[in-house]
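K.L.:
How does the following fold in three dimensions:
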Amino acid sequence: MQFYRVDTKLQAEELIKVMPDVVAIDTEFVKGDPRFTELLSVIIADSERAWAVAPSLLPTLASSLRARKLIFLQDYNHCDTIILLKNGVDLRETNCHNLIDIHHLLDENANHDLGSRVQEVFNDDYKRLFWNTYKNYEDAPEEEALEYACKDAIYTYRLGIQDYETIENGPDTPDLWQLYQHVRQLSASLLDTQLNGVRVNVKLMQDTKDSMYKEISGYHETLREEFNDYCEIWEMQEWEKQISKRTSDSGKLRVPRPCFSFSSDRQVAWLVYEALGLPVINKTKTGNPSTDFETLQTLSEGERRLERLVRFKDIKSTYSTFVEGMLERVKDGRIYPDFNVSVTNTGRISHSNPNMGNLPKTGVIRNFFIPNPGMCFIGADYSQIEVVVEANLTEDPQLLKIINEGKSKHDITAEGLGIDRNAAKTLNFALQYGAGVDKVRKILGVSRDEAEDIYKRYWELYSGVSALKEKVNKEIQETGQITNLAGRTRHFPQTQNKFELFKQQRQAYNFLIQGVAAEACNRAFYLFANWLKKNAEGRALFSVHDEILCEVYQQDPQRPYWLMQELVDTMESVSKDFNFKYPLKAVAYGPLDKWSKE
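P.N.:
Numbers count the residues shown, from 1 in each chain. Down below sits the predicted model:
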């Protein structure tokens with residue numbers, strides 16, 4: 001490998017003469033938000049040579065970089081693209097390819113970070129050695145920093161060439177190439193929001209923070225009163241455990257009595273599942289009973305004593321994540337969210353800083369987001385998109401009742417099995433996550449024989465879904481993978497026990513439904529984003545699950561309503577891309593002066 005410094009204009013002009021048509025570009029900068037931090041160096045490389053360019057020389061190189069035939073980036077959250085743009089090099093119209101996006105489509109289970117891949121492919125552990133020695137890039141001596149940065153770019157080039165040729169020319173990957181182009185368009189459309197952010201009402205955010213803090217403080221006292229007997233039992237049990245660990249009498253006397261905390265997931269799990277004896281309908285990634293908001297909310301429908309705890313969990317999570325967390329990220333009256341299209345296995349967009357996908361759908365939080373002057377928000381939601389996708393795949397008669405007659409799945413289950421609606425809702429939720437006969441028995445409080453009968457009748461009721469599940473289970477056992485209608489494939493490793501197998505079966509089936517729903521919404525988002533940009537009508541901000549939010553001009557009071565219909569038409573037109581017999585439906589909302597549908 002050959003490493004060069006480009007510190008003068010003359011050296012930059014010489015680089016232009018020898019720069020290859022295909023290059024990799026990497027950036028080194030002071031840790032922090034790439035929109036606002038200091039750029040330290042830009043590295044341009046091919047398979048053996050790398051040039052570390054001083055940021056002040058980028059104007060000299062800008063037009064030459066934009067003219068490259070092909071550019072490879074290791075562009076997590078558009079980090080390199082953003083920092084280059086902020087320093088005068090706009091690559092948005094250049095033929096750039098992100099290694100993370102390509103590699104994620106080739107193997108969604110692999111580790112996509114550069115260090116892991118280089119260690120695996122080239123057996124070079126330079127990144128770990130560098131970061132074990134230095135906390136920051138700028139802390140390293142010049143020569144070590146140069147070698148590290150240049151290796152980053154050279155390896156990015158080598159892996160880029162390898163992955164690009166695989167995804168473009170692989171004999172069995174024509175659908176994968178099309179899917180990759182879809183991912184590129186989605187990523188490009190989201191970049192505008194990452195660059196320009198979304199305006200927020202800072203005063204409302206601060207007022208909300210103050211009022212929510214007072215509300216949270218009050219909940220600790222009322223929850224203690226509600227569950228005092230259980231709290232005392234837990235405290236005495238824990239106290240005895242801690243005392244038993246001490247060997248001396250004086251040590252035992254010094255052990256303080258623990259205090260039950262409703263902020264502790266472990267302690268809340270004890271309260272819900274051991275003390276109250278409620279059924280475990282969902283588990284965390286580590287296999288522990290879940291105490292997340294949705295799980296507790298579902299359980300509270302059959303156990304009213306949980307309602308105040310559910311509210312506490314909801315408001316505390318909202319406060320820490322979407323009030324305190326967002327206030328810390330406000331810059332110049334705006335929030336600059338990040339989006340990553342190559343994190344999830346289903347194809348859903350990953351949101352961060354803040355996680356727009358987890359914003360509460362009701363309440364004040366969405367109202368923090370406001371349009372720019374002279375503009376308004378419009379948006380639209382898909383109506384029961386996952387049910388529609390599932391109905392197209394299964395032709396299940398009960399699902400068709402939901403989309404054609406407006407029936408509720410919970411009502412269908414209750415009527416079909418002769419149980420009350422709350423039990424039916426819990427049962428639907430549990431069986432969706434792969435629950436078996438024992439779970440049915442606990443949920444309904446019936447004998448095993450009765451649970452077996454109900455379990456059997458449930459899947460007879462949803463016969464189309466049952467048939468597809470059996471087909472999926474057989475396919476992943478035989479091939480270890482499943483491909484959905486969007487062309488995305490999910491791979492499953494060999495299982496070690498039946499519990500891992502059941503988990504894979506559930507994930508594979510959900511991938512067919514949720515993955516296609518996500519890709520449909522993603523496709524509609526960038527199609528409408530491109531349309532708005534082409535017609536200078538505004539911009540599409542982002543999609544959240546089955547919803548798309550846009551910011552449009554409103555000089556003409558009636559124009560937003562016309563644009564709302566255009567958005568609905570775009571979202572529904574995606575049905576043809578998947579050859580849906582039962583088409584997707586969307587419902588618009590707006591125009592709004594804040595992001596709220598209430």
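
K.L.:
Tell me who's in contact with residue 254.
P.N.:
residue 246 (Cβ atoms under 8 Å, 6 or more residues apart in numbering). In short, each C-beta sits where N, CA and C put it, glycine included.

K.L.:
Which pLDDT value belongs to it?
P.N.:
pLDDT recorded at residue 254 is 92.

K.L.:
just residue 351 next, same as before
P.N.:
Reading off the model, residue 351 has pLDDT 89.

K.L.:
same thing with the one 4 residues further on?
P.N.:
At residue 355, the model reports a pLDDT of 85.

K.L.:
With residue 258 instead?
P.N.:
94.

K.L.:
The residue nearest to it when sequence neighbours are not counted sits in which helix or strand?
P.N.:
Using Cβ to Cβ, 6 or more residues apart in numbering and skipping residues adjacent in sequence, the residue nearest residue 258 is residue 238, 4.6 Å away. Here residue 238, judged by DSSP states H and E, is contained in helix 228-244.

K.L.:
The residue nearest to residue 258 contacts residue 261, correct?
P.N.:
No. Judged on Cβ atoms under 8 Å, residue 238 makes no contact with residue 261 at a distance of 11.1 Å.

K.L.:
does residue 65 really touch residue 25, like I thought?
P.N.:
Yes. Look at residue 65 against residue 25 with Cβ under 8 Å: they come within range, at 7.2 Å.

K.L.:
Of the two, which one has the most company?
P.N.:
residue 25 (26 against 21; other Cβ atoms under 10 Å).

K.L.:
That one bridge partners, please.
P.N.:
Beta-bridge partners for residue 25, by DSSP bridges, are residue 44.

K.L.:
What pLDDT is listed against it?
P.N.:
97.

K.L.:
Now that it has come up, it's in contact with residue 74, right?
P.N.:
No. Residue 25 sits out of contact with residue 74 when judged by Cβ under 8 Å, with a separation of 9.4 Å.

K.L.:
where do the contact lists of the two overlap?
P.N.:
With Cβ under 8 Å, 6+ apart, residue 25 and residue 74 have common neighbours residue 80.

K.L.:
Next, work out how far apart the residue nearest to residue 109 when sequence neighbours are not counted and residue 217 are.
P.N.:
Leaving aside its sequence neighbours, residue 109 sits nearest to residue 491 (Cβ to Cβ, 6+ apart; 5.9 Å). For residue 491, the distance to residue 217 (Cβ to Cβ, to the nearest Å) stands at 48 Å.

K.L.:
could you pull out the helices for the stretch 151-300 of the chain?
P.N.:
Counting by DSSP state H, counting those that start in this stretch, the stretch 151-300 of the chain has helices at residues 174-196, 202-226, 228-244, 249-253, 265-269, 293-300.

K.L.:
now for the fourth one, which elements pack on it?
P.N.:
To tie it back to what came earlier, the one meant is helix 249-253. Applying 3 or more Cβ pairs under 8 Å, 6 or more residues apart in numbering; DSSP states H and E, we find helix 249-253 packed against no helix or strand.

K.L.:
neighbouring contacts of it?
P.N.:
By Cβ under 8 Å, 6+ apart, helix 249-253 touches 243, 246.

K.L.:
neighbours around residue 114, how many?
P.N.:
19.

K.L.:
what residues are up against it?
P.N.:
With Cβ under 8 Å, 6+ apart, residue 114 has these contacts: 74, 99, 127, 152, 155, 156, 159.

K.L.:
before we move on, what about residue 329?
P.N.:
Applying Cβ under 8 Å, 6+ apart, the residues contacting residue 329 are 335, 336, 353, 354.

K.L.:
returning to that earlier point: bridging residues for the residue nearest to residue 109?
P.N.:
Bridge pairing for residue 491 - DSSP bridges - gives residue 481.
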